[in-house]
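# everything below, folded, please.
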Amino acid sequence: MYSKCGKIEYARTAFDDMPEKNVFSWSSMIDGYGKSGEPDKALELFHQMQLRGVEPNYVTFLAAISACGHGGLVAKGHEIFESMERDYSLKPRMEHYACMVDLLGRAGSLHQAWDLVRGMPERPNSDVWAALLNSCNLHDSVEMASVAANELFKLNAKRRPGAYVSFSNTLAAAGKWDNVSQLREAMKIRGVLKDTGSSWVGAEIEA
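Next comes the predicted model:
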């Protein structure tokens, strides 16, 4: 509870005072450190829990990979991701792939993120494509962003309005105004509404 409120020091005290710690308490603490911008402490706990014989579950791995993403620890995140199935027979789920794509994207490793998506054993869901699209928008990769946006449109565009607003801004920054107009028209047709607080770059062009 404390970690969710941002009071990570109180959460750690409560965690240390627990007479018995299960996988859920370990996972919660790891997640708390990751979201508080302390990936090293998150990974230290991830290591400690395994030394104490507590096997990480799907939630634990998601928290650990996410912590790596916040800290830009690409190699460590990839190592943890690979260990899921190799060491614990846990087949990565969509959320783990999405988290890895986000991790790689934050670090600017877009081609690695793309290779990961292409090599998935199952068809990527909207979370994965949205993670790739957001990463492409972050680094102004218009071509790859176009692919991700198209795949996202095929799935459930209405759930991801912010991603399209960001993509539109990426297109505008690249001077691709025709593409911006086409995207906005497609969003209107499909009923995609822009998020409150998001802005259309170059909106005055349409005026």
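
# give me the domain ranges for the chain.
1-92, 113-207 (automatic domain parsing).

# run the chain-centre distance for the last one.
In terms of Cα atoms, centre = their mean, to the nearest Å, the centre of domain 113-207 is set 15 Å apart from its chain centre.

# kindly report the same for the shortest one.
For domain 1-92, the gap between its own C-alpha mean and the chain's C-alpha mean amounts to 16 Å (Cα atoms, centre = their mean).

# quick check: buried residues in the host helix or strand of Tyr164?
Using DSSP states H and E, Tyr164 sits in helix 161-173. For helix 161-173, the neighbour count (16 or more other Cβ atoms under 10 Å) marks Pro161, Gly162, Ala163, Tyr164, Val165, Ser166, Phe167, Ser168, Asn169, Thr170, Leu171, Ala172 as buried. In short, each C-beta sits where N, CA and C put it, glycine included.

# cool, stretch 36-55 as well?
For stretch 36-55, the neighbour count (16+ other Cβ under 10 Å) marks Ser36, Glu38, Pro39, Lys41, Ala42, Leu43, Leu45, Phe46, Met49, Gln50, Val54 as buried.

# those in helices, which ones?
Judged by DSSP state H, the buried residues of stretch 36-55 include Pro39, Lys41, Ala42, Leu43, Leu45, Phe46, Met49, Gln50 as members of helices.

# and of those, the nearest to Asp178?
Nearest to Asp178 among those is Pro39, at 41.7 Å by Cβ to Cβ.

# ok, the nearest residue to the closest one once chain neighbours are set aside - contacts?
Computed as Cβ to Cβ, 6 or more residues apart in numbering, the closest residue to Pro39 that is not its neighbour in sequence is Gly71, at 3.1 Å. Contact analysis of Gly71 by Cβ atoms under 8 Å, 6 or more residues apart in numbering lists Gly37, Pro39, Asp40.

# do you have the strands of this protein handy? List them.
Taking DSSP state E, the chain contains no strands at all.

# before we move on, the earlier item: ok, so of the contacts of Gly71, who is nearest Lys76?
Pro39 (8.5 Å).

# surely that closest one touches Leu73?
Yes - Pro39 is within contact range of Leu73, at 6.1 Å (criterion: Cβ atoms under 8 Å).

# overlap in contacts, the two.
Ala67.

# pLDDT weak spots in this protein?
Applying pLDDT under 70 to the chain flags residues 1-6, 156-159, 189-190, 192-207.

# I'd say Ser66 and Gly34 touch.
Yes - if you go by Cβ under 8 Å, Ser66 and Gly34 touch, sitting 5.2 Å apart.

# run a quick neighbour tally on the closest residue to Val74 other than its chain neighbours.
Residue nearest to Val74 in three dimensions, not counting chain neighbours: Ala107, with 4.9 Å by Cβ to Cβ, 6+ apart. If you count neighbours by other Cβ atoms under 10 Å, Ala107 ends up with 19.

# next, Ala107: phi, psi?
The phi/psi pair for Ala107 (degrees, to the nearest 10) reads phi -80, psi 0.

# distance of Pro70 relative to Tyr164?
Quick fix: residue 70 is His, not Pro. Distance of His70 to Tyr164, computed by Cβ to Cβ, to the nearest Å: 25 Å.
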